[in-house]
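K.L.:
Below: sequence and its predicted model.
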Amino acid sequence: MTPQIAQPVSHLDEVTSICVSRDNSLVFTVSRDAHLFIWSLLSTKNDDYDMDTDMPKTKMSKQPFHIIQSIKAHEETILGMTLVRSDAQHHCLVTGSVDKKIKIWTVTNNKNEDKCSIKRLKTDTTISGPVSFVAGQ
């Protein structure tokens with residue numbers, strides 16, 4: 001019997017939008033499966049420290065993307081997403097869905113632990129017409 005290799009968790013349906021953080025450390029994806037995924041492009045090695053700051057150095061991962069956070073962001077297909085603000089640790093995303101809701105998300109990135117926390121602002125905006133996104137920044 002051939003051993004099975006664990007496959008990374010991924011979207012269950014077509015990806016509808018992708019955004020990359022300004023520092024190129026994170027990729028945000030949304031899909032028809034109504035989920036928001038945060039993928040890390042970085043890895044840290046505990047044995048490789050910066051002598052000036054005594055903090056772990058961050059290097060580009062030799063591994064493929066890996067998911068550090070996944071949430072069900074909407075009740076129906078997410079049609080689009082845009083990255084409104086992005087710096088080294090804080091990101092602001094806006095998502096729009098077939099469920100007629102626009103949601104604003106704040107993401108805090110802790111690169112040293114390869115973790116993110118994601119929070120939705122308390123107020124959702126319900127719209128009466130279709131949602132479409134225009135890329136910008």
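P.N.:
In hand now; what should we look at?
K.L.:
CA only for contacts and neighbour counts going forward, please
P.N.:
Noted.
K.L.:
And the strands in this protein, which stretches?
P.N.:
All strands of the chain, identified by DSSP state E, fall at 15-20, 26-31, 35-40, 42-49, 56-60, 66-72, 78-86, 90-97, 101-110, 115-120, 125-126.
K.L.:
Mind putting these into TSV with mean neighbour count and mean pLDDT?
P.N.:
Listed next are the strands of the chain as TSV, based on neighbours: other Cα atoms under 10 Å; pLDDT from 0 to 100:
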stretch	mean neighbour count	mean pLDDT
strand 15-20	17	95
strand 26-31	23	94
strand 35-40	23	92
strand 42-49	14	54
strand 56-60	15	52
strand 66-72	16	88
strand 78-86	21	89
strand 90-97	20	91
strand 101-110	18	87
strand 115-120	16	75
strand 125-126	12	64
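K.L.:
Go ahead and confirm residue 81 touches residue 20.
P.N.:
No - taking contacts as Cα atoms under 8 Å, residue 81 lies outside contact range of residue 20: 11.1 Å.
K.L.:
any idea what sits nearest residue 18, other than its immediate chain neighbours?
P.N.:
Leaving out its chain neighbours, the residue that sits closest to residue 18 by Cα to Cα, 6 or more residues apart in numbering is residue 29, at 4.6 Å.
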